[in-house]
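K.L.:
kindly return the folded structure for what I paste below:
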Amino acid sequence: MHRYIMNVYTFLIRCMGGLSAHIGQKTKHTVICLVVAVLSALGLIRPLKYSLRVTFFNYNDMVFTVTGVIALLALMIVTADKDADLRKTAYNRPCVYGWLLCFIMIFATSFINPVSGEYRIWAVVSLLISLPSVMIWAARDDYGQYCDLIAKVMTAAACIFVILNLIVVPFLRPDETPIYTGLMDNPNGNGMVVIGLYAASLFLLLTDDRALLPCSLVMSFCIALAYVSECRTAELAILLESLLGAGYCIRSAGREGKTADVRKIILTCAAIIVIALAASFVLREIGKTDLNAYAEDNYKFITSDEDVPECLKTLDLMTARRVSIWRAFICESTLWGNGTPEEPLIKTFEASVYAHNNAIEILYTSGVLAFAGYVIFLMSGIVFVIRCMLGRYGYKKEHLLVMLAFTGYFTEAMMEVLMYPVSHMPAILLNLCMMPIFIKHPRCSATDRKKLSGRGKLSAHM
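P.N.:
Numbering: from 1, shown residues only. The predicted model follows:
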């Protein structure tokens, strides 16, 4: 990282560390738990505003955002160490510079384009809280414990989410609803919640034997909810997270000769599938779900854009005309962006002013440079996941959570807009644990990987 940028962030972090220098470790631990709990609650509450079923609940968007920013700032303060040597860490420069380019341009163009206040705050948080937090955790040696804490708190939030859906929804469901969508009317709202919760629960399941039962139940419910609510993005994300998580742990256990762990993973996956099938039946009965009626009612009005190439029309129909939406937004994009559109650029069966793709949304709103920086960050994350799966950095427990969080975020970001790190569960989870993506990790040979994975296997004994 450039020394001038490092000097700015070092000064900021030391100021934050000075504020928490006299706070005890137990108090700091409690604050971290509370912050993750607050952010998890915000991720669960945000979609409820747009639900016609929960008519008694409403809130102001800016108050919601400020609450999340305060929580992130509190987390930064209690984890900062004014005496930490921040310069000893080698950073992944493309990722860091891509992040800086993206959010500096988002902030700069927000003054020449019409955007919401939340959009500008997102840039400020990413530059002054998210990136310094990455540097803080890179200089600490307890990142694995922090990942455990994130997963445990989010799994607890997932249990509450399951209970609310099973108890509250049967009394809120309108008779004309053809599918079960939980507390939200829109299946995408369910997707944004279950993707993040599933990733956290899967990580805890694979790394803590004591969490086997609650995590299995939560994951089964997430699978069932994604299925009966017809949220295909969530189904794809859950499938990818499951394959990555199981594959990573099987490779790790296989290299260490622990065949019992491999069998445990396979049997657990089989049990989760069985429970998910049973949960799907229960949810369909609760919601009187008719997937065929839902498809006929909603998709008979969808016709693919005539300008979409023939080879993409099937994909356009499968994604509810998202290819047509992406095409419209890309064609209208400019070098410096256009801001948030006041009217939909294309009429679909569900008109929207959003691009339904995070990268294209940034391209249209903030221009080419911000888009380029964001793509560099995404590519850095993809490279990190691939190298972790190949064991290039050793099989470290904390890398597993980052892989799952990034996979869920990337999948959802390709189909929806995940802007704010205090609003949507996949973005919240990734923002909390993305530090390893920004770090330049030493490569290791096959003989050294066992040593680097080192403090134990991916289980409760780590």
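K.L.:
am I right that Ser366 is in contact with Ser110?
P.N.:
Yes. Counting by CB atoms under 8 Å, Ser110 is a contact partner of Ser366 at 7.4 Å. (Glycine included, C-beta is placed from N, CA and C.)
K.L.:
between these two, which is the more surrounded one?
P.N.:
Taking other CB atoms under 10 Å, Ser366 and Ser110 do not tie; Ser366 has more neighbours (30 against 22).
K.L.:
any idea how far Ala413 is from the more buried one?
P.N.:
Relative to Ala413, Ser366 is positioned 15 Å away (CB to CB, to the nearest Å).
K.L.:
with Met154 instead?
P.N.:
Distance of Met154 to Ala413, computed by CB to CB: 19 Å.
K.L.:
neighbour count: these two, which is higher?
P.N.:
Taking other CB under 10 Å, Met154 and Ala413 do not tie; Met154 has more neighbours (29 against 23).
K.L.:
check contacts around that one.
P.N.:
36, 40, 196-197, 200-201, 429 (CB atoms under 8 Å, 6 or more residues apart in numbering).
K.L.:
got the phi and psi for it?
P.N.:
phi -70, psi -30 (degrees, to the nearest 10).
K.L.:
where are the low-confidence patches of the protein?
P.N.:
Along the chain, the parts satisfying pLDDT under 70 run over 1-2, 49-60, 168-182, 185, 253-268, 270-271, 274-314, 316-317, 347-352, 444-462.
K.L.:
tell me which stretches of it form strands.
P.N.:
For the chain, no strands are identified by DSSP state E.
K.L.:
touching stretch 130-138 from outside, list them.
P.N.:
9, 12-13, 16, 72, 75-76, 79-81, 84, 86, 89, 91, 96, 99-100, 143, 146, 421, 431, 434-435, 438-439.
K.L.:
return the alpha-carbon coordinates of that stretch using PDB.
P.N.:
Only the C-alpha atoms of stretch 130-138 are listed here, as PDB (Å, rounded to 0.1, in the frame of the first residue of the first chain):
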ATOM      1  CA  SER A 130     -14.300  -1.000   6.300                       C
ATOM      2  CA  LEU A 131     -10.800  -0.600   4.900                       C
ATOM      3  CA  PRO A 132      -9.300   0.500   8.300                       C
ATOM      4  CA  SER A 133     -11.000  -2.400   9.900                       C
ATOM      5  CA  VAL A 134      -9.200  -4.700   7.400                       C
ATOM      6  CA  MET A 135      -5.900  -3.200   8.500                       C
ATOM      7  CA  ILE A 136      -6.800  -3.600  12.200                       C
ATOM      8  CA  TRP A 137      -7.600  -7.300  11.900                       C
ATOM      9  CA  ALA A 138      -4.500  -7.900   9.700                       C
END
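K.L.:
chain center to that stretch: distance?
P.N.:
18 Å (CA atoms, centre = their mean, to the nearest Å).
K.L.:
do the same with stretch 386-402
P.N.:
18 Å.
K.L.:
only alpha carbons, please: show it as PDB.
P.N.:
Extracted as PDB, the C-alpha positions of stretch 386-402 are listed here (Å, rounded to 0.1, in the frame of the first residue of the first chain):
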ATOM      1  CA  ILE A 386      -9.800 -20.600  -5.900                       C
ATOM      2  CA  ARG A 387      -6.400 -20.500  -4.200                       C
ATOM      3  CA  CYS A 388      -7.900 -21.500  -0.900                       C
ATOM      4  CA  MET A 389      -9.700 -24.500  -2.500                       C
ATOM      5  CA  LEU A 390      -6.300 -25.500  -4.000                       C
ATOM      6  CA  GLY A 391      -4.600 -25.200  -0.600                       C
ATOM      7  CA  ARG A 392      -2.200 -22.500  -1.700                       C
ATOM      8  CA  TYR A 393      -2.500 -20.800   1.700                       C
ATOM      9  CA  GLY A 394      -2.900 -23.800   3.800                       C
ATOM     10  CA  TYR A 395      -6.300 -25.000   5.200                       C
ATOM     11  CA  LYS A 396      -7.000 -22.300   7.700                       C
ATOM     12  CA  LYS A 397     -10.300 -22.200   9.500                       C
ATOM     13  CA  GLU A 398     -10.900 -18.400   9.100                       C
ATOM     14  CA  HIS A 399     -10.500 -18.700   5.300                       C
ATOM     15  CA  LEU A 400     -13.500 -21.000   5.200                       C
ATOM     16  CA  LEU A 401     -15.800 -18.300   6.500                       C
ATOM     17  CA  VAL A 402     -14.500 -15.800   4.000                       C
END
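K.L.:
tell me the buried residues in it?
P.N.:
Buried residues in stretch 386-402, counting neighbours by 16 or more other CB atoms under 10 Å, are found at 388-389, 391-402.
K.L.:
whichever of the contacts of Met154 end up buried, select them in ChimeraX.
P.N.:
Here is the ChimeraX selection string for the buried members of those, based on 16+ other CB under 10 Å:
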select :36,40,196,197,200,201,429
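K.L.:
out of the contacts of Met154, which two sit at the greatest distance?
P.N.:
Using CB to CB, the contacts of Met154 span at most 14.1 Å, a distance reached by Val36 and Ser201.
K.L.:
show me the contacts for Cys269.
P.N.:
242, 246.
K.L.:
and if you look at Tyr146?
P.N.:
Counting by CB under 8 Å, 6+ apart, Tyr146 has contacts 32, 137, 140, 398, 433.
K.L.:
going by distance to Gly68, which of these wins?
P.N.:
Ile32 (15.3 Å).
K.L.:
so what's the residue count around the closest one?
P.N.:
Ile32: 20 neighbours (other CB under 10 Å).
K.L.:
so who does it touch?
P.N.:
75, 78-79, 146, 149.
K.L.:
try Ile362
P.N.:
Contacts of Ile362 by CB under 8 Å, 6+ apart are 102, 106, 370-371, 374.
K.L.:
for the residues you listed, name the two members farthest from one another.
P.N.:
Among the contacts of Ile362, the pair separated by the greatest distance (CB to CB) is Ile106 and Phe371, at 9.9 Å.
K.L.:
quick one, which of the two is more surrounded?
P.N.:
Neighbours were counted for Ile106 and for Phe371 using other CB under 10 Å; Ile106 has more, 29 against 24.
K.L.:
ok, the more buried one to Glu118 distance?
P.N.:
According to CB to CB, Ile106 and Glu118 sit 12 Å apart.
K.L.:
what do you get for Arg93?
P.N.:
Distance of Arg93 to Glu118, given as CB to CB: 29 Å.
K.L.:
compare the two (neighbour count), which wins?
P.N.:
Glu118 (16 against 13).
K.L.:
now the more buried one. Nearest residue, chain neighbours left out?
P.N.:
Among residues not flanking Glu118 along the chain, Thr65 sits closest, at 5.1 Å (CB to CB, 6 or more residues apart in numbering).
K.L.:
now do Thr319
P.N.:
According to CB to CB, 6+ apart, the nearest residue to Thr319 is Met415 (6.9 Å).
K.L.:
for the one you found, the count of nearby residues, please.
P.N.:
Met415: 21 neighbours (other CB under 10 Å).
K.L.:
all set, thanks.
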